[in-house]
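> Sharing a sequence plus its predicted fold:
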2 protein chains.
Amino acid sequence: MAGDCELVVCTTCRLPGADPTAPRDGARLSDALLAQGLAHRRQECLSACANGCAVVFRGPGRWTYVQGRIDPDLHLDDLVTMYRAWEATPDGVVPWRSRPEVIRKNTIARIPPFDLPEQEP
Amino acid sequence: MAGDCELVVCTTCRLPGADPTAPRDGARLSDALLAQGLAHRRQECLSACANGCAVVFRGPGRWTYVQGRIDPDLHLDDLVTMYRAWEATPDGVVPWRSRPEVIRKNTIARIPPFDLPEQEP
């Protein structure tokens, strides 16, 4: 499964209150991840602008997570740790206690896998 | 493509400021959609609790949209209109001007299709 997993990084995100003339924080985050050897998809705008920097973890048969408020200067290790943990699960659900605080506090949304049995009305 | 499209509705969402003893607004939204004949997936918690009621539009080969602040008493027609418009596109991108205001103002996140060509670093 891990081979089909993907980290999507918004390259146009700015942190709240960022200098609008400074390089985009999302692009800096992407560059820092590449420097650490973490391959990912670069995407202009994930429409989560109020919660930058935003990223998505997704892959077939697993829960998708949209995460926000990732500061490339503060949370790079937390993001890499969480993505690797998510990637290592069979279904994308990392135990709550194992999630770094910035992840626990800034989950923007989660989306169930397509093949999850539906809940009856 | 439309046959593979899916609307996911959070059934545990509450509107901001909702009475905690009242029936869940997300469940009411789901019931109202069913009454209109719009089949969908019911899901307990999409982790978008600050922006209830939350829903997701998703399908293979198209952009996924996470939408919030859907009030079942105010926005049912807007949601149905938008979902049908999204479903009718080849890629999930509905022109901005065609989106109802509650949709334009409350997109929580969008996620690109897996097969979208990647943007180079």
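Good, I have the coordinates.

> give the contact list for the closest residue in space to A:T89 that isn't next to it in sequence.
Distances taken as C-beta to C-beta, 6 or more residues apart in numbering or on different chains place A:R62 nearest to A:T89, at 7.3 Å, with adjacent residues excluded. Placement of C-beta: from N, CA and C, glycine included. Neighbour list for A:R62: A:M1, A:C5, A:W86, A:T89, A:P90, A:D91, A:G92, A:P113 [criterion: C-beta atoms under 8 Å, 6 or more residues apart in numbering or on different chains].

> and with 6 Å instead?
A:D91, A:G92, A:P113 (C-beta atoms under 6 Å, 6 or more residues apart in numbering or on different chains).

> If I follow the layout properly, the second one ends up in contact with A:W63?
Yes. A:G92 sits in contact with A:W63 when judged by C-beta atoms under 6 Å, with a separation of 3.7 Å.

> Tell me the secondary structure of A:T81, please.
Three-state assignment for A:T81 (DSSP: H, G, I helix; E, B strand; the rest coil): helix.

> Got the confidence number for it?
pLDDT, A:T81: 97.

> number of nearby residues for A:P100?
A:P100 has 17 neighbours, counted by other C-beta atoms under 10 Å in any protein chain shown.

> Apologies, that question was intended for A:T12.
Using other C-beta under 10 Å, A:T12 has 17 other residues around it.

> Before we go further, it is sitting in a helix, right?
No. Applying three-state DSSP, one finds A:T12 to be coil, outside a helix.

> Please name the nearest non-neighbouring residue to A:W86.
A:F57 (4.9 Å).

> Residues of chain A that sit close to chain B?
A:41-43, A:46-48, A:56, A:66, A:107-112, A:118-119, A:121 (C-beta under 6 Å from any C-beta of the partner chain).

> Give the burial count for A:T64, as a bare number.
By other C-beta under 10 Å, the residues close to A:T64 number 23.

> pLDDT wise, what is it at?
As predicted, A:T64 sits at a pLDDT of 98.

> in the sheet, who's paired with it?
A:I111 (DSSP bridges).

> Please spell out which residues along stretch A:71-84 are buried.
A:D71, A:P72, A:H75, A:L76, A:D78, A:L79, A:V80, A:T81, A:M82, A:Y83 (16 or more other C-beta atoms under 10 Å in any protein chain shown).

> before we move on, what about stretch A:46-54?
A:L46, A:S47, A:A48, A:C49, A:N51, A:G52, A:C53, A:A54.

> any residues touching it, and which ones?
A:10, A:13-15, A:25-26, A:29, A:68-70, A:108, B:107, B:109-110.

> averaged over its residues, what pLDDT does it have?
96.

> Quick check: end-to-end length of that stretch?
7 Å (C-alpha to C-alpha, to the nearest Å).

> residue ranges for the helices of chain A, please.
A:25-35, A:76-88, A:101-105 (DSSP state H).

> Give me the mean pLDDT for the last one.
Model confidence over helix A:101-105, given as mean pLDDT, is 98.

> and that helix, what does it pack onto?
Of the remaining helices and strands, none touches helix A:101-105 by 3 or more C-beta pairs under 6 Å, 6 or more residues apart in numbering or on different chains; DSSP states H and E.

> what about that helix, distance to the chain center?
11 Å (C-alpha atoms, centre = their mean, to the nearest Å).

> and if you look at stretch A:112-121?
With C-alpha atoms, centre = their mean as the basis, stretch A:112-121 stands 23 Å off its chain's centre.

> In space, what's closest to A:L7 - neighbours in sequence excluded?
A:H40 (4.0 Å).

> Near the one you found, how many other residues are there?
A:H40 has 19 neighbours, counted by other C-beta under 10 Å.

> give the contact list for it.
Counting by C-beta under 6 Å, 6+ apart, the residues that A:H40 touches are A:L7, A:V9, A:L33.

> residue contacts, the second one?
Contacts for A:V9 were tallied using C-beta under 6 Å, 6+ apart; they are A:L29, A:S30, A:H40, A:R42, A:V55.
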